[in-house]
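# Provided below are the primary sequence and the corresponding predicted coordinates.
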Amino acid sequence: EEEEEEMCGLLVVVVVRLMACSHRTGHGATRSLLPPSALLTMPALLVLALLPPVAEAFYLPGSYMRTFATGEVLAVKVNSMTSFETELPFGYYTLPFCRPQGAVRKSAENLGEILMGEQIENSPYSFGMNRNESSIYLCTTAKLSEHDARMLKQRIKDFYQVNLLLDNLPAIRYTRQDDYLLRWTGFPVGFFDERTKLHVIFNHLRFTVLIHEYEGAAATSAMSTGDGLDAIPMNEDGGKTKSGFQVVGFEVNPCSVHHDPASVAKHNMYDKISPEIVCEELSQQVVNEGEAITFTYEVTFVKSDIRWPSRWDAYLKMEGARVHWFSILNSLMVIAFLAGIVFVIFLRTVRRDLTKYEDLDKEAQAQMTEELSGWKLVVGDVFRAPRHTKLLCIMVGDGVQITGMAAVTILFAALGFMSPASRGMLLTGMIMLYLFLGIAAGYVAVRLWRTLKGDATDWRSIAWSVACFFPGIAFGILTLLNFLLWGSHSTGAIPVSLFFILLTLWFCISVPLTLLGGFLGNRAHHIQYPVRTNQIPREIPPQKYPSWLLVLGAGTLPFGTLFIELFFIMSSIWLGRVYYVFGFLFVVLVLLVIVCAEVSVVLTYMHLCVEDWRWWWKAYFSSGSVSLYVFLYAINYLVFDLRSLSSPISAILYIGYSVLMVFAIMLATGAIGFLTSFMFVHYLFSSVKID
C-alpha cells in the first residue's frame, strides 16, 4: 500500500510538473514543452492519480530514460540487415560475423516488429560508459568457406546495411557528397572496389557515442520526449538522483583493415591490439575464400548539449516542410473548387427547382411532371436495389472499418502516442484497431443490407462475409508472398506460429465483434426511403458518353490531394527513411475524406440529371477509383525510384504489397463516397412531395 501511495504521489508530481513545464526559445520567448492537445489530457491524468490504485503501473518498452554511471557496461544490439536493392531483410548472424560470448539471444519483439522483419539480437560489441577505447580486438573468424565467401560477396553486391542499436538508438553514419552532409542509418557490409575488382569488407568500426551529463534533481522531474513520458524518481533518502550520463547519440564510421593472422592469434576478445589501428595507413581486408577475417573496433565518447527529449531529432528531422504545406494548399484548392460546384448545384439549382415544384397545385404538378427532365423523373427508381447488393454491403462495411483504423491510428501518432522508440508499435496499433473496429463494419453492412433488401434473416451471412472478405484476401496475398520469403530464408518471412496467432486474433476478436455489430445493425431500424419504388424499372436513355469514363476520371481529384504525401510514405516503406510527420498526414487524410465525399456527390447528381438511376456502384467507384491512380503511381515508383531492385522476387514482393495497399484504399475511399452519396440522395428526394 505504501508503494502504491508513493506511485500516486509520483504521478501527481509528474502531472503538475508537466502542466507547468516550459523552456526558453532562442528569441527569449517561453514555449511549453507539450503540445496543446497533450495539455488537455493533464487534468484527466491528475484525477486518475488521485483515484485509488487498482492495477500495477507499466511503461512502454523503449520509452524509459536510462542514466548510466561511469564505467557501466553499454551493450550494442544488432537488427536485421536491410537492402534497398532486394527489400529482403536477413539476420545479422547469417554472415560470418563475430558472435557474443555465450549464446545469441533474441530480444522480445512485438507483433509489428515481427511483421516488419526485424530481428533484434545481442552482439559482442560492448564498452564502458564514458571510457574511450581504441584498437579493441573482437575475434577472428574461421577461414571462409566457399559458401561464406560467396554469401559475403553477394551481400556486398546488394548493398546490405548492418543496423546497430545502442540504448534503443539506431547507429547513424554521416557521409559527405559535394557540399551536402548525408545521414544514413546503419553502415554497409562492405563495398566493391571498381579499380581492383575486389570485394572489401568493413571489419573495423569506429563508434562515437554522444552523452549528456545528468546532474540529478532535488525532486521528481518529468518531461515530454520523443521517447514518451519520462519521470525520474528521487532517491530513498529524498536527495538527488545519482549523477550519470545519458546516451543521446550513436554514430558509426566503418573502415576496412587487413590484419596479419599471426599477429592476432594469441589475442582474446576485448584485448587491446598494438600498435594502434589507423585505417588510412593500413591495407584493406578483401573477401577471399580460405582467408580468415579479423574484426576490431574503437569507441569515443563525446559530451553533448543535446538533452534526452531531443535525442531523436537527428532521426526525425523533418525535411521538405514546404512540400507538405504545398500538398495541403493544393488539396484546399481542390476542395474549394468542388465545394463551389456543390453550392452552385444544390443551393441554386436544386433548391430553386424544389421551391417551384412545391408551390404548384396538384394539377399543375401533374402537368409539370410530364415536362420534367433530369433527376425528378427517376423518383420512382432512385432507390431500386442495385445489382450485387450483398457485395456492395460487404465492401462498404470493410471500408468503414479500414477508414476508422486509419483515422484513429494517424490521430494517435500525430498526438505522439506512438513513439519511434517503440518499434513496430504503429503496425501493432493498426492491427489491434482493425480487429476491434469489426463491430462498426458489421453494424454498417447489416443495416445497409436491411435498408436495401429488407431481409432480417440473412444478417449472419452478411456479418460473416464482412469479417472474412478483406482479411481473407489479405491473408491470401501475405501467404503467397511469405512462400517467396521463406524460400529466400529472409527474416521478413512470417513465422508459422505468428500465422496461428493472427488467425486466433482474427477469429477470437474480429469475427465475434463483427457478428455483434451485425446483430446490433439487424436490431436497429432500417432507413426508410422517402419515396416509393415503382415495380417496373424506368428505361435509361442512351448516354452521349460512357458513364464509366466519368467515374474513372473522378479519381484524379482525390489523388491530387494524396500523391505528394504518398511519395514520402513510399520512401519511408521502401527506402528506409523515417516518416514522422503524422500531423501533416492527418490533415491530408481529412482533406481526402472531404474531396472523396464532394466528388461522389457531384457525380451522383450528374448521373441522376441524365436519368441514370443506377447510381449505387458509380457513387462507390467515383471516389474509389483513386486506388487506380495510386496503383499506377506505385508502378511509376517501382520503375523510376526503385529501379535498382536486383531480383524478380523483390519486384513481386513490391507489387504484392502494393496491390494489398491499393485494395484497402479502394475499400476506404469507396465507402466514404457511397455513404455520402446515399445521404445526399435520401435528403434530396425527401424534399420532394409525392402523393
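Structure received.

# For the rest of this, base every contact and every neighbour count on C-alpha atoms.
Fine.

# Tell me where the longest helix sits in this structure.
Longest helix in the chain, counting residues (DSSP state H): helix 648-686.

# Packing partners of that helix?
Packing partners of helix 648-686 (3 or more C-alpha pairs under 8 Å, 6 or more residues apart in numbering; DSSP states H and E): helix 389-414, helix 459-487, helix 582-609, helix 616-624, helix 626-640.

# so how far is the fourth one from its chain's centroid?
The gap between the average C-alpha position of helix 616-624 and the chain average comes to 27 Å, counting by C-alpha atoms, centre = their mean, to the nearest Å.

# between it and helix 626-640, what angle do the directions make?
Using axes from the mean of the first three to the mean of the last three C-alpha atoms, to 10 degrees, the direction of helix 616-624 lies 40 degrees away from that of helix 626-640.

# okay, helix 616-624 in CSV with CA atoms only?
Extracted in CSV, the C-alpha atoms of helix 616-624 (Å, rounded to 0.1, in the frame of the first residue of the first chain):
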residue,chain,number,x,y,z
TRP,A,616,-25.0,3.0,-56.3
TRP,A,617,-21.9,1.4,-57.7
LYS,A,618,-21.0,4.5,-59.6
ALA,A,619,-21.0,6.5,-56.4
TYR,A,620,-18.8,3.9,-54.8
PHE,A,621,-16.2,3.8,-57.6
SER,A,622,-16.3,7.6,-58.3
SER,A,623,-14.2,8.1,-55.2
GLY,A,624,-12.8,4.5,-55.0
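
# so where's the chain uncertain?
Along the chain, the model assigns pLDDT under 70 to residues 1-64, 216-242, 317-327, 342-374, 420, 644, 646, 688-691.

# So which other helices or strands are in contact with the strand or helix carrying residue 127?
Counting by DSSP states H and E, the element that carries residue 127 is strand 121-128. Contacts defined by 3+ C-alpha pairs under 8 Å, 6+ apart place strand 121-128 against strand 73-78, strand 133-140.

# Check what contacts the next helix or strand after the longest one and list those residues.
Read in the C-terminal direction, the helix or strand following strand 133-140 is helix 146-157, with elements assigned using DSSP H and E. Residues from elsewhere that reach helix 146-157 (C-alpha atoms under 8 Å, 6 or more residues apart in numbering): 95-96, 188-192, 199, 201, 287-290.

# at 10 Å what do you get?
The contact list for helix 146-157, computed with C-alpha atoms under 10 Å, 6 or more residues apart in numbering, reads 81-83, 85-86, 90, 94-96, 143-145, 158-161, 188-192, 198-202, 286-291, 646.

# in it, what's buried?
For helix 146-157, the neighbour count (16 or more other C-alpha atoms under 10 Å) marks 148, 149, 152, 153, 155, 156, 157 as buried.

# try stretch 677-691
Neighbour count says stretch 677-691 has 677, 678, 680, 681, 682, 684, 685, 688 buried, by 16+ other C-alpha under 10 Å.

# for those, which one is nearest residue 505?
The nearest member of these to residue 505, counting by C-alpha to C-alpha, is residue 678 at 33.3 Å.

# Where does residue 283 sit: helix, strand or coil?
coil (DSSP: H, G, I helix; E, B strand; the rest coil).

# so it touches residue 202, yeah?
No. With contact defined as C-alpha atoms under 10 Å, residue 283 does not count as touching residue 202 (11.9 Å).

# higher neighbour count, the two?
The neighbour comparison of residue 283 against residue 202 (other C-alpha atoms under 10 Å) goes to residue 202, with 22 against 11.

# any idea where the helices of the stretch 1-150 of the chain begin and end?
With DSSP state H, counting those that start in this stretch as the criterion, the stretch 1-150 of the chain has helices at 2-20, 36-50, 111-115, 146-157.

# re the thing from before, now the longest helix of the chain: buried residues?
Under 16+ other C-alpha under 10 Å, the buried positions of helix 648-686 are 649-651, 653-656, 658-660, 662-678, 680-682, 684-685.
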